[in-house]
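Chemist: okay, predicted coordinates and the sequence, questions at the end:
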Amino acid sequence: MQAEERKRRILARARTEGRVDVMDIAAEFSVAPETVRRDLRLLHEHGLVRRTHGGAFPVESAGFETGLAFRSVSSVPEKRRIAAAAAERLDDAETVFVDEGFTPQLVAEALPLDRPLTIITASLPTAAALSESPSITVLLLGGRVRGRTLATVDHWAIRMLGEMVIDLAYIGANGISREHGLTTPDPVVGAVKAQAVKVARRRIFVGVHTKFGVASFSRFAVVSDFETIITDSSLSPGEAHRYAVLGPRVIRT
């Protein structure tokens, strides 16, 4: 097998399964582990995968993005801990933007039900999950629905957000890095997120540690836009400190 074909198949495997293991790939392709590590190093340098101990996972890009089905079964315990910690930081907010994605949806479901809240969201699953609560008013942003994430986008959603002043926004991203800020593969999604960041008084980022150090295609915010970053404890204390230097409080849970 030629090197380019091998890298293509490694990348396809990573995108299908969510991760590749060096030893498994080496055995399947009958090559040395160091050959696989070299392939992964090149894919990492091209921004297509993120290397981890013993393997790699795919980076979401303009040409690849995971859907809700995958996100809802990946790192679920960590995402639930992040969501609980984020909901505890609601404070006195009465109007809350909840971003699209599975982790923000978990944040919405963790919010208290014993006080009136107005939730603004582009996410159909989040709107459906909260719509039966008598204490919560749900405002679903209009627009075209993306099948991959079941969220609305385009100018209708941006226009609605532009008419609001929101107390708190819970924001997710496909990647967050100190150099490139917060990014997402699709510019139309990025435009909605950017508008939510713009109109919110407070902003909290929620995301698992695998999002860190990753840059996708479309930037919609910088790290210093956020008062708090909440992630899981697999983000190293040193890396958390480097993000905290840029302004936000970083919470590892």
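Modeler: Cool, got the structure.
Chemist: what's the longest helix seen in the chain packed up against?
Modeler: Longest helix in the chain, counting residues (DSSP state H): helix 3-17. With contacts defined as 3 or more CB pairs under 8 Å, 6 or more residues apart in numbering; DSSP states H and E, helix 3-17 has these neighbours: strand 20-21, helix 22-29, helix 33-45, strand 55-58. Yep, even glycine has a C-beta here, placed from its N, CA and C like the rest.
Chemist: same question for it, mean pLDDT?
Modeler: In this model, helix 3-17 has an average pLDDT of 90.
Chemist: for it, which outside residues touch it?
Modeler: Helix 3-17 is contacted by residues 1, 20, 25, 29, 31, 35-36, 39-40, 42-43, 48-49, 56-58, 64 when judged by CB atoms under 8 Å, 6 or more residues apart in numbering.
Chemist: swap the cut-off to 7 Å and go again
Modeler: Val20, Ile25, Phe29, Asp39, Leu42, Leu43, Leu48, Val49, Ala56, Phe57, Pro58, Phe64 (CB atoms under 7 Å, 6 or more residues apart in numbering).
Chemist: how about CSV for these, with pLDDT added?
Modeler: Shown next, in CSV, are the contacts of helix 3-17 (pLDDT from 0 to 100):
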residue, pLDDT
Val20, 93
Ile25, 94
Phe29, 92
Asp39, 95
Leu42, 93
Leu43, 93
Leu48, 87
Val49, 88
Ala56, 91
Phe57, 85
Pro58, 87
Phe64, 74
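Chemist: what distance do you get for the nearest residue to Val31 once chain neighbours are set aside to Arg15?
Modeler: Nearest residue to Val31 in three dimensions, chain neighbours excluded: Arg6, at 7.3 Å (CB to CB, 6 or more residues apart in numbering). From Arg6 across to Arg15, the span is 15 Å (CB to CB, to the nearest Å).
Chemist: which of the two has more residues huddled nearby?
Modeler: Arg15 (21 against 16; other CB atoms under 10 Å).
Chemist: report the central residue of the protein.
Modeler: Ala173 (3.3 Å; CA atoms, centre = their mean).
Chemist: now do the end-to-end distance for stretch 13-22.
Modeler: Length of stretch 13-22, first residue to last, CA to CA, to the nearest Å: 12 Å.
Chemist: any low-confidence regions in the stretch 51-200 of the chain?
Modeler: For the stretch 51-200 of the chain, residues meeting the criterion pLDDT under 70 lie at 62-63.
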